[in-house]
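[1] model the following, please.
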Amino acid sequence: MRRPTLLPLLVLVLAAAVAVLKAAAAPAAAPTSDPTPADLAGLLIPSVQAVFGDRIPKDGLGGVLRAADPITACAPLKNVDKKTPWVALIKRAQKKCEYEDTTFRAQQAGAIAAIVFDFKTDSSTGDENLQLMQPSIANPGTKIPSVFISLQNGDALMVLLQRKKTPLVNVVLQPTRVVAWIGDQKPTALTLAAKAGPIGNITLTGRQVTLSGTSAEIVDRWATTMAGLRPGDTLMIAPQGGVLQVPVGSPLEVTAAIVLAGAPAGAAGSRVAAGAPQGAAVVTCAKGGDQALVIRSPGAILARMGFVGCTRAAVGVERVGRSATGTGGVVYPRERPVLLQQLTFQRHLAMAVDLEVGTAAELTDSLFKDNGGDNRNKLLTNYPQVWAHAGAALAVRNTRFLDNFDSNINFKGDLLTIDNSQFVRAQDTAIRVSYREPPALLYRGSALQPPLFSTARVKGCKFLGNTKTGGPGGAIFLGTNGVLTVSNSTFTNNSADSGGAIFVYDNSWLARMSDVTFENNSALGGWAANLGYPWLQSPLA
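    Alright, predicted model coming up:
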């Protein structure tokens, strides 16, 4: 007689309950049954550690799991316990509640760590995406480690916590996963929970190759390795000591539509270095080095890496088929931008990202901090963090620009879209948009036509404390031949000679401004928004 098989996958047991929780308009009643043998099996949940807070020890950090009250931790927690080692389970708020602020409230309530789970899946794909949690503007000083998990896995943990007759739920946070079980006895058999993309919303379809060793060894093998990769393959970087130093004048080149990412914890030679997301590598330029990485392929993906200390553009996006002098090649198809995801850029003397004429990129879940001006010594000027040249297209989402010396974005291209991003304390105009005509020859053989003006769309963004000295537009400057729309955004404590928050040049057009808040912005002329001809100036507070 065949023996019954023990189902170790906890998610299978909970799937029906989770489906009910997701489908019901009101919260479902808590289950009353005792845990089954399958419930007692361990569960491995993929996770991504936050940029802020202490690093998770190699051996993990464990405690009793408790749901935060309120669950979003957008207000001080009611369940305070500073005696028991416990881990707060927090649901990501849909708006007005930043990651670090919620985990700081968990820290104040006595939690030793926090697990944040999403409130949604990707509506277009249904994927469960893992977010890299960035610091908040307030910078409250969170010390406890925290990780992000998917909605499905967060719901599974909530169902466990809602059982009336269940033993305590225990968790151990590890650098790239959470181990969860119920009862006092840690299980010996651990099973992978519902999978979530380890690199944002990227689906890994091809082969995975890891380059490890010293910087010299990786650089020496780079060209040969790249030549053997096909579109869709993944190249993981695991440098010795966590840092890959690129020699002067020899930037690494990506010439195929691959995924290039920092190797996950546990890969040969991998180690976390300062300035990179957990499980990622830091790429630096050797002393005097100007550029670290050049991408020459539409559809390529760069993810989970940190870049530190280059004197030109740390990452350059160039046209396929261009000459060594920068001429020739064709524009990028707009449906195949280079994807830049979960990256950090710190302490660069000049630009962080440079989009060549006619290229396209999508920048998401990234951080730009303390760049430009020779690290505040003002030896270099007029180097924005992201420079998009004529004919380029750029989409920016969920990205923070903090304390950079020069402009955050200088856009001279076709279409710029910015969603849910923050621009804080730039020592120049935060976003500059000024059209420049691209060479018509680059559009031969392309379905695209050369643009006649620049279009910029800003939605759901925060502009705080940006300062333009000796010129107009503290937060946004719209120069020649531009069209601007701004919605659901706030402008606070920005300043300039004219248009403390927004300045629109005479021959450009503010097409729409809705649900926008201005507070304490200032200019020599007294206008928060100088909106161009016919000078729709408004002394907005």
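[2] what ranges in the stretch 1-150 of the chain fall below the confidence cut-off?
    Flagging of the stretch 1-150 of the chain using pLDDT under 70 yields the residue ranges 1-42, 122-129, 137-139.
[3] for the stretch 51-200 of the chain, just list every one of the helices.
    Per DSSP state H, counting those that start in this stretch, the stretch 51-200 of the chain carries helices over the ranges 99-108, 151-162.
[4] right, so these: which one is the most enclosed?
    helix 99-108 (a mean of 24; mean count of other Cβ atoms under 10 Å). C-beta coordinates here come from the backbone N, C-alpha and C atoms, glycine included.
[5] now do it: which elements does it pack against?
    Judged by 3 or more Cβ pairs under 8 Å, 6 or more residues apart in numbering; DSSP states H and E, helix 99-108 is in contact with strand 86-91, strand 113-117, strand 146-149.
[6] check the average confidence over stretch 340-356, would you?
    When pLDDT is averaged over stretch 340-356, the result is 88.
[7] could you tell me the end-to-end distance of that stretch?
    Distance between the boundary residues of stretch 340-356 (Cα to Cα, to the nearest Å) amounts to 15 Å.
[8] and the gap between Arg512 and Asn530?
    According to Cβ to Cβ, to the nearest Å, Arg512 stands 17 Å off from Asn530.
[9] what of Gly326?
    As for Gly326, its distance to Asn530 is 36 Å (criterion: Cβ to Cβ).
[10] comparing the two, which residue is more hemmed in?
    Neighbours were tallied for Gly326 and for Asn530 using other Cβ atoms under 10 Å; the higher tally belongs to Asn530 (25 against 11).
[11] what separation do you get for that one and Cys461?
    Distance check for Asn530 against Cys461: by Cβ to Cβ, it reads 19 Å.
[12] how about the helices in the stretch 251-400 of the chain?
    373-376.
[13] low-scoring stretches of the stretch 351-500 of the chain, by residue?
    Per-residue confidence of the stretch 351-500 of the chain (counting by pLDDT under 70) places the weak regions at 373-382.
[14] give me the most central residue, this protein.
    Central residue check for the chain by Cα atoms, centre = their mean: the C-alpha nearest the mean position is that of Asp365, 1.2 Å away.
[15] that residue touches Thr399, doesn't it?
    Yes: Asp365 lies in contact with Thr399 (Cβ atoms under 8 Å); the separation is 6.8 Å.
[16] in JSON lines: the helices of the stretch 51-200 of the chain, plus distance to Ile502.
    Supplementary listing: those in JSON lines, determined by distance: least, Cβ to Cβ, whole Å:
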{"stretch": "helix 99-108", "distance to Ile502": "27"}
{"stretch": "helix 151-162", "distance to Ile502": "36"}
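[17] pull out the buried positions in stretch 445-464.
    Buried residues in stretch 445-464, defined by neighbour count with 16 or more other Cβ atoms under 10 Å: 448, 450-451, 454-464.
[18] number of nearby residues for Val294?
    Other residues within reach of Val294, judged by other Cβ under 10 Å, total 17.
[19] and the gap between it and Gly249?
    Using Cβ to Cβ, which is the criterion applied here, Val294 is 12 Å from Gly249.
[20] show me the residues around the residue lying closest to Leu340 once chain neighbours are set aside that make contact.
    Taking Cβ to Cβ, 6 or more residues apart in numbering as the measure, Leu340 lies nearest to Leu363, with 4.7 Å between them; neighbours along the chain are not counted. Leu363 makes contact with 340-341, 343, 353, 386, 394-397, 399 under the criterion Cβ atoms under 8 Å, 6 or more residues apart in numbering.
[21] so which of those residues are in strands?
    340-341, 343, 353, 386, 394-397 (DSSP state E).
[22] export those to JSON lines and tack on neighbour count?
    Converted to JSON lines, the ones in strands among the contacts of Leu363 look like this (neighbours: other Cβ atoms under 10 Å):
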{"residue": "Leu340", "neighbour count": "26"}
{"residue": "Gln341", "neighbour count": "25"}
{"residue": "Leu343", "neighbour count": "28"}
{"residue": "Val353", "neighbour count": "28"}
{"residue": "Val386", "neighbour count": "28"}
{"residue": "Leu394", "neighbour count": "26"}
{"residue": "Ala395", "neighbour count": "18"}
{"residue": "Val396", "neighbour count": "25"}
{"residue": "Arg397", "neighbour count": "17"}
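[23] let me see the domain layout of this structure.
    By the assignment in automatic domain parsing, the chain contains the domains 14-192, 244-452.
[24] phi and psi next, for the residue nearest to the centre of the chain.
    For Asp365, the backbone dihedrals are phi 50, psi 50 (criterion: degrees, to the nearest 10).
[25] again with Ser508
    Here is the backbone geometry of Ser508 (degrees, to the nearest 10): phi -120, psi 180.
[26] who's in contact with it?
    Contacts of Ser508 by Cβ under 8 Å, 6+ apart are 478-484, 532.
[27] will you turn the residues you listed into JSON lines that also has neighbour count and distance to Arg347?
    Rendered in JSON lines, the data for those read as follows (neighbours: other Cβ atoms under 10 Å; distance: Cβ to Cβ, whole Å):
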{"residue": "Leu478", "neighbour count": "28", "distance to Arg347": "30"}
{"residue": "Gly479", "neighbour count": "20", "distance to Arg347": "29"}
{"residue": "Thr480", "neighbour count": "15", "distance to Arg347": "33"}
{"residue": "Asn481", "neighbour count": "18", "distance to Arg347": "35"}
{"residue": "Gly482", "neighbour count": "26", "distance to Arg347": "31"}
{"residue": "Val483", "neighbour count": "19", "distance to Arg347": "35"}
{"residue": "Leu484", "neighbour count": "25", "distance to Arg347": "31"}
{"residue": "Gly532", "neighbour count": "21", "distance to Arg347": "36"}
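[28] please flag which of those residues sit within strands.
    Under the assignment DSSP E, those contribute 478, 482-484 to strands.
[29] out of the residues you listed, which one sits closest to Val219?
    Within these, proximity to Val219 (Cβ to Cβ) peaks at Gly482, which comes in at 41.4 Å.
[30] residue ranges with poor pLDDT in the stretch 201-350 of the chain?
    Within the stretch 201-350 of the chain, the segments meeting pLDDT under 70 span 201-206, 263-280, 288-289.
[31] can you map out the strands along it?
    Read by DSSP state E, counting those that start in this stretch, the stretch 201-350 of the chain holds these strands, from start to end of the chain: 208-213, 234-239, 243-246, 252-254, 259-262, 281-285, 293-295, 301-308, 315-317, 338-346.
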